[in-house]
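**Q** Predicted model follows, preceded by the sequence.
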Amino acid sequence: MEVISGAELAFSVFEMHRILRIFDERGERFANVIIPYATGNTVDEIRARTVAPDGRITVLDEKEIFDVSLYPSFIFFSDQRAKLFTMPGIEPGAVVEYQYRVTIRSRTYWHAWTFQHEVPTLRSRFTLVSPSEWDVVHRTYGISVSPSVTRPPGGFKATYRWEVTDADAVAEEFAMPPASRVAGRLALAPIGFRSWQDVAEWYHGLSGPAMKGGAGVAALAREIVAGASDDREKLRRLYCWVRDRVRYLAVEIGIGGFQPHAAEDVVGNRYGDCKDMTTLLCALADEVGITARQALISTWQNGTADTSFASPLQFNHVIAYAPGVGPGGIWMDATEKGCPFGTLPWYDQGMPALLVGEKSESGIVTTPQEPSGANGEHYRWEVRLRGDGSAEVDGVTVLTGAVATEVREALLYETGDTRRRWMETVLARECAGARLDSFSIAGLVPTTDSLTLGYRFYTSSFALPRSARMTLRPGMVAGTDLADYFRSPQRRHPVRFRFGMYGSVEIRYAVPTGWRWEEPDGADSLLTPFGAYRSSWTGTPGGGVFRRSSVLAGGTVPPEQYTRLREFLDAIRARDTREFALVRH
């Protein structure tokens with residue numbers, strides 16, 4: 001990569017050269033190449049060839065290189081384009097080689113480099129050529145490599161070269177951190193960014209003009225808040241309008257550019273990405289006298305930002321914060337359609353965020369995080385058991401927090417038939433052979449914290465009859481299958497849970513005449529740093545009650561604690577699969 005400078009910071013030129021060997025059919029996906037770019041930048045000098053195992057060379061025809069829009073259905077993002085091509089003559093044993101050049105206008109060092117990938121890498125080299133008087137702020141992660149530097153006198157260009165050989169493939173494991181965060185990589189801070197204040201002022205300069213609403217935004221804001229009693233109610237209405245009325249297009253910042261579209265345009269088009277929706281929300285709030293600020297954030301899926309390295313490239317999302325509304329202010333992410341006002345989606349919680357504003361208002365903060373108990377799944381069943389093992393069940397399931405948000409997001413815009421099929425699938429997982437009679441869902445609209453599912457179903461196999469004995473496993477209702485995903489005896493990466501969770505089950509049985517419980521009562525419990533488990537059983541003539549509760553602490557478990565985590569999950573599985581028996585008397 002070379003930085004071309006003049007009287008002003010002009011542009012950078014990035015040249016990529018890649019060579020890969022395709023060993024079998026699994027490697028054929030590397031023959032499909034996508035080179036994204038934005039308006040103002042150019043991609044040229046594309047050359048590609050395939051060398052067959054017998055030495056035959058097939059060169060890519062320029063006619064087979066296509067320039068396409070990444071988002072053809074959305075005029076807002078018509079400037080996000082890509083060059084596409086597929087390597088010719090692919091077969092096992094072939095070597096593919098391609099190179100291209102990207103000219104990046106008005107930006108310097110807006111780049112990162114990854115040394116490790118999903119396949120082993122023989123050699124990975126990144127070379128930076130820039131004016132010698134410029135400071136190059138860089139950092140490497142996940143790998144130990146220092147640049148060799150050639151620094152000539154002022155007025156000439158310095159060369160920085162990082163090179164890694166024989167890099168292992170990034171090992172994939174269930175619930176690992178993002179591969180982009182564990183792979184050996186190089187980060188470069190763009191020129192001019194020495195502190196988070198620099199980053200905040202830069203983004204404020206981009207987003208500030210877009211937040212200045214016009215007549216359309218002003219009229220809409222007045223209409224939405226008409227009759228609202230206080231600022232919290234005004235903000236709630238504005239948030240719900242943006243969340244429910246503006247279509248979200250998931251384009252990460254940095255990919256879809258950093259500058260939001262004008263709030264007036266977002267109102268007119270009724271769609272946008274995260275920065276567009278946040279810009280509109282802040283503009284609407286400003287029209288009714290409420291201060292709402294934008295905040296750059298790296299979501300859970302993207303990985304935790306390194307707060308000691310100031311660079312906008314660490315973030316992939318934009319949310320909003322109203323500091324003067326309520327104790328501690330109100331955080332908002334209107335892109336999550338199932339998220340109630342006053343809480344953030346789970347992937348925004350507990351993450352470093354950069355508040356954007358004037359000098360005294362900016363800085364890194366940590367978003368609030370709900371406790372594990374806020375994310376819940378609570379079952380209450382009334383079971384009328386028959387002597388042949390069949391049963392009729394009346395059930396209620398209450399979902400809260402992140403669990404409710406995800407289910408609401410999945411069902412909100414679905415038809416009644418689709419929701420019914422979803423309910424049938426859920427019950428079939430909990431109880432084999434479940435046949436749904438009726439169901440209801442409360443809490444989809446308006447969006448509230450909890451989601452309540454009511455249902456009645458019949459099953460021919462609630463219990464397993466064996467002559468004069470019937471067995472059942474009540475712990476399997478809403479039981480966890482996490483133990484199935486952690487069977488490897490060793491672990492390389494940390495285990496990273498999406499969120500902590502609290503679950504409970506209460507099953508009340510009506511027992512058929514002539515049957516009694518083999519064990520009338522009992523209790524069990526388990527307490528570890530990873531979570532807790534408790535169950536109790538009480539059998540009575542003609543009935544019985546089973547109760548179960550569990551807490552998964554969530555968070556991140558380091559590899560050295562992996563064995564203990566496995567033991568905890570296996571212990572829960574053993575308790576959940578315990579059989580209870582009814583016998584004839």
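**A** Thanks, I have it. What you are looking at is a predicted structure, and each value in this text was computed from that prediction instead of being measured.
**Q** Tell me the secondary structure of G155, please.
**A** coil (DSSP: H, G, I helix; E, B strand; the rest coil).
**Q** Could you give the number of residues near it?
**A** By other CB atoms under 10 Å, the residues close to G155 number 8. C-beta here means a position set from N, CA and C on the backbone, and glycine is covered the same way.
**Q** Let me know the pLDDT of it.
**A** pLDDT recorded at G155 is 72.
**Q** Also P72?
**A** 66.
**Q** Check T103 too.
**A** pLDDT at T103 comes out at 88.
**Q** roughly how far apart are the nearest residue to it once chain neighbours are set aside and F11?
**A** The shortest distance from T103 to any non-neighbouring residue, by CB to CB, 6 or more residues apart in numbering, is to T42 (4.7 Å). Remark: distance between T42 and F11 (CB to CB, to the nearest Å) = 10 Å.
**Q** more neighbours, these two?
**A** F11 (18 against 14).
**Q** Test my guess that the more buried one contacts I104.
**A** Yes - F11 is within contact range of I104, at 5.9 Å (criterion: CB atoms under 8 Å).
**Q** so what's T127 bridging to?
**A** R161 (DSSP bridges).
**Q** That one: what's it in contact with?
**A** Listed by CB atoms under 8 Å, 6 or more residues apart in numbering, the contact partners of T127 are M1, T159, Y160, R161, W162.
**Q** quick one, what contacts the second one?
**A** With contact set as CB under 8 Å, 6+ apart, T159 has these partners: T127, L128, V129, V149, T150.
**Q** Name the secondary structure element that contains it.
**A** strand 157-167 (DSSP states H and E).
**Q** So for that strand, what gets flagged as buried?
**A** K157, A158, T159, Y160, W162, V164, A167 (16 or more other CB atoms under 10 Å).
**Q** ok, the fifth one touching F126?
**A** Yes - between W162 and F126 a contact is recorded at 4.9 Å, counting by CB under 8 Å.
**Q** what's the overlap in contacts for those two?
**A** W113, L186.
**Q** tally of neighbours for L296?
**A** If you count neighbours by other CB under 10 Å, L296 ends up with 27.
**Q** Pairing partners for it in the sheet, please.
**A** The partner residues for L296, given DSSP bridges, come to V318, L354.
**Q** how close does it get to T307?
**A** 12 Å.
**Q** Domain boundaries for the chain, per the record?
**A** What the record gives for the chain is the domain set 2-188, 196-366, 373-584, from automatic domain parsing.
**Q** still on that earlier bit, common neighbours of T42 and F11, please.
**A** In contact with both T42 and F11: T103, using CB under 8 Å, 6+ apart.
**Q** buried sites along stretch 532-542?
**A** Applying 16+ other CB under 10 Å to stretch 532-542 flags A532, Y533, R534, S535, W537, G539 as buried.
**Q** mind listing what F258 touches?
**A** The neighbours of F258, taking CB under 8 Å, 6+ apart as the test, are Y203, L206, K275, P312.
**Q** Redo the contacts of T159 as CSV? Include distance to T367 and pLDDT.
**A** Converted to CSV, the contacts of T159 look like this (distance: CB to CB, whole Å; pLDDT from 0 to 100):
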residue, distance to T367, pLDDT
T127, 38, 94
L128, 34, 91
V129, 39, 90
V149, 38, 92
T150, 43, 91
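**Q** Out of those, which is nearest to L84?
**A** Distance to L84 across the contacts of T159 (CB to CB) is lowest for T127, with 26.5 Å.
**Q** if I look at the closest one, how far off is D135?
**A** 18 Å.
**Q** And the lowest mean pLDDT element among the helices and strands of the chain?
**A** strand 2-5 (a mean of 67; mean pLDDT, DSSP states H and E).
**Q** what's downstream of that strand, the next helix or strand?
**A** Next element after strand 2-5 (DSSP H and E): strand 9-21.
**Q** what distance separates that next one from the middle of the whole chain?
**A** Distance of strand 9-21 from the chain centroid (CA atoms, centre = their mean, to the nearest Å) equals 29 Å.
**Q** Put the alpha carbons of it into CSV.
**A** Taking C-alpha atoms only, strand 9-21 is exported to CSV below (Å, rounded to 0.1, in the frame of the first residue of the first chain):
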residue,chain,number,x,y,z
LEU,A,9,-3.7,14.3,1.8
ALA,A,10,-4.7,13.0,-1.6
PHE,A,11,-5.1,9.3,-1.9
SER,A,12,-3.7,5.8,-1.2
VAL,A,13,-3.1,3.0,-3.6
PHE,A,14,-3.6,-0.5,-2.3
GLU,A,15,-2.2,-3.4,-4.4
MET,A,16,-3.2,-7.0,-3.7
HIS,A,17,-1.4,-10.1,-5.0
ARG,A,18,-2.7,-13.5,-3.9
ILE,A,19,-1.7,-17.0,-4.8
LEU,A,20,-3.6,-20.1,-3.6
ARG,A,21,-3.4,-23.8,-4.3
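**Q** quick one: the following helix or strand past that strand to strand 9-21, angle?
**A** Later in the chain than strand 9-21, the nearest helix or strand by DSSP H and E is strand 32-38. Interaxial angle, strand 32-38 versus strand 9-21 (axes from the mean of the first three to the mean of the last three CA atoms, to 10 degrees): 170 degrees.
**Q** Was I right to think A374 contacts V403?
**A** No - counting by CB under 8 Å, A374 sits too far from V403 to count as a contact (9.6 Å).
**Q** If you count surrounding residues, which of the two has more?
**A** Set A374 next to V403 and count neighbours by other CB under 10 Å: V403 wins out with 23 against 20.
**Q** And that one, its phi and psi?
**A** Note on V403: its backbone torsions stand at phi -60, psi -50 [degrees, to the nearest 10].
**Q** what distance separates stretch 449-468 from the centre of its chain?
**A** 33 Å.
**Q** same check, this time on stretch 170-181
**A** With CA atoms, centre = their mean, you get 14 Å for stretch 170-181.
**Q** what's the span of that stretch, first residue to last?
**A** Stretch 170-181 stretches 10 Å from its first residue to its last (CA to CA, to the nearest Å).
**Q** Next: stretch 150-161.
**A** Span of stretch 150-161 from end to end, CA to CA: 9 Å.
**Q** swap in stretch 135-142?
**A** Distance across stretch 135-142, first residue to last, is 23 Å (CA to CA).
**Q** and the nearest residue to A171 once chain neighbours are set aside, helix, strand or coil?
**A** Nearest residue to A171, sequence neighbours excluded (CB to CB, 6+ apart): R492, at 5.1 Å. For R492, the assignment made with three-state DSSP gives coil.
**Q** What residues does R492 make contact with?
**A** R492 neighbours (CB under 8 Å, 6+ apart): A171, E173, P559.
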